[in-house]
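Engineer: Take a look and give me a structure for this.
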Amino acid sequence: MNLMNKEYKEKARIILENWQDKGVFPKEYSAPTAQELAALIDHTLLKPDASISAINKLCKEAKEYKFASVCVNPVHVKRCVQNLDNTVPVCTVIGFPLGANHSKLKAAEAKLAAQQGAKEVDMVLNIGLMKTANYQDVFDDIKAVRYAVPEALLKVILETCLLSQEEIIIASLLCREAGADYVKTSTGFSSGGATAEDVSLMRFVVGEDLGVKASGGIKTQEDALTMVRAGASRLGASAGISIVS
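Structural biologist: Predicted structure coming up:
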């Protein structure tokens with residue numbers, strides 16, 4: 001273990017102890033209205049069998065309900081940009097869903113999406129590198145995408161269900177240091193989704209400097225409000241309409 005890893009692990013130990021002292025819901029909060037909640041939701045369709053008609057419908061719904069963005073696979077970015085005509089931002093996913101692509105490919109994928117009009121990119125962290133404590137490589141991976149799309153809103157998907165609390169803390173620190181705008185819980189394609197505990201911990205680590213996006217398994221208004229209370233400033237959901245209705 002090199003000195004850098006020791007430093008991160010010691011930081012994580014201290015942060016975890018302090019967060020545990022404060023608890024998952026450390027402060028009072030005012031529940032958002034349905035309209036305010038809609039403005040936090042990335043209206044999402046990432047299924048591999050998503051049809052063109054379903055993508056068109058997603059865009060129509062996003063305009064009607066005034067969602068924060070539509071989140072789609074890269075192949076649909078151009079169509080969504082044309083459909084939405086700057087009324088709702090287009091978000092896409094990078095290195096999805098495994099995060100194991102080469103950094104150069106992630107950067108190229110993000111750059112192409114931005115050139116086609118995507119305003120937000122949600123990249124998947126290199127989970128294998130994170131699990132084996134290759135922190136410099138994880139940082140460089142994020143930085144490569146940040147450099148490729150300096151104007152885009154960059155969210156980094158940690159896939160928290162596969163990480164320990166220590167790893168969630170260190171990953172969040174690396175995201176902040178690499179210039180990400182958000183840390184995000186999940187792809188929705190792994191063994192688990194967002195939890196209030198993970199959202200709370202991520203918020204505690206990044207403070208108010210970065211956004212926190214909760215995604216994966218958010219199906220009801222109660223789910224959504226729990227995540228917001230825990231510290232989420234954005235929600236990824238395919239059930240956005242039922243959440244705000």
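Engineer: all strands in the chain, in order from the N-terminus.
Structural biologist: Ranges of strands in the chain, per DSSP state E, are 41-45, 69-72, 90-94, 120-124, 153-157, 182-184, 211-215, 234-237.
Engineer: Let's have these in CSV, adding distance to residue 228.
Structural biologist: C-beta: built from backbone N, CA, C; applies to glycine. Listed next are these as CSV, based on distance: least, Cβ to Cβ, whole Å:
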stretch, distance to residue 228
strand 41-45, 11
strand 69-72, 17
strand 90-94, 19
strand 120-124, 19
strand 153-157, 17
strand 182-184, 14
strand 211-215, 8
strand 234-237, 7
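Engineer: okay if I get the ones you listed as JSON lines plus distance to residue 19 and mean pLDDT?
Structural biologist: Listed next are those as JSON lines, based on distance: least, Cβ to Cβ, whole Å; pLDDT from 0 to 100:
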{"stretch": "strand 41-45", "distance to residue 19": "26", "mean pLDDT": "98"}
{"stretch": "strand 69-72", "distance to residue 19": "28", "mean pLDDT": "98"}
{"stretch": "strand 90-94", "distance to residue 19": "28", "mean pLDDT": "98"}
{"stretch": "strand 120-124", "distance to residue 19": "24", "mean pLDDT": "98"}
{"stretch": "strand 153-157", "distance to residue 19": "20", "mean pLDDT": "99"}
{"stretch": "strand 182-184", "distance to residue 19": "14", "mean pLDDT": "99"}
{"stretch": "strand 211-215", "distance to residue 19": "13", "mean pLDDT": "98"}
{"stretch": "strand 234-237", "distance to residue 19": "21", "mean pLDDT": "98"}
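Engineer: Can you add mean neighbour count and distance to residue 105 and give those back as a markdown table?
Structural biologist: Formatted as a markdown table, the strands of the chain follow (neighbours: other Cβ atoms under 10 Å; distance: least, Cβ to Cβ, whole Å):
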| stretch | mean neighbour count | distance to residue 105 |
| --- | --- | --- |
| strand 41-45 | 24 | 23 |
| strand 69-72 | 27 | 19 |
| strand 90-94 | 28 | 9 |
| strand 120-124 | 28 | 11 |
| strand 153-157 | 26 | 16 |
| strand 182-184 | 26 | 20 |
| strand 211-215 | 27 | 23 |
| strand 234-237 | 28 | 23 |
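Engineer: and of the ones you listed, who's closest to residue 170?
Structural biologist: Smallest distance to residue 170 across the strands of the chain (Cβ to Cβ): 11.5 Å, for strand 182-184.
Engineer: What helices and strands are in contact with the closest one?
Structural biologist: strand 153-157, helix 165-178, helix 196-206, strand 211-215, strand 234-237 (3 or more Cβ pairs under 8 Å, 6 or more residues apart in numbering; DSSP states H and E).
Engineer: Would you pull up how far the first one lies from the middle of the chain?
Structural biologist: It refers to strand 153-157. With Cα atoms, centre = their mean, to the nearest Å as the basis, the distance from the averaged C-alpha position of strand 153-157 to the chain average is 5 Å.
Engineer: Can you list the strands that it pairs with?
Structural biologist: Within its sheet, and counting by DSSP bridges, strand 153-157 is paired with strand 120-124 (parallel), strand 182-184 (parallel).
Engineer: Equivalent analysis for the last one, please.
Structural biologist: Sheet pairing for strand 234-237, assigned by DSSP bridges, gives strand 41-45 (parallel), strand 211-215 (parallel).
Engineer: closest one to residue 127 among these?
Structural biologist: Residue 127 lies closest to strand 211-215 among the strands paired with strand 234-237, at 15.5 Å (Cβ to Cβ).
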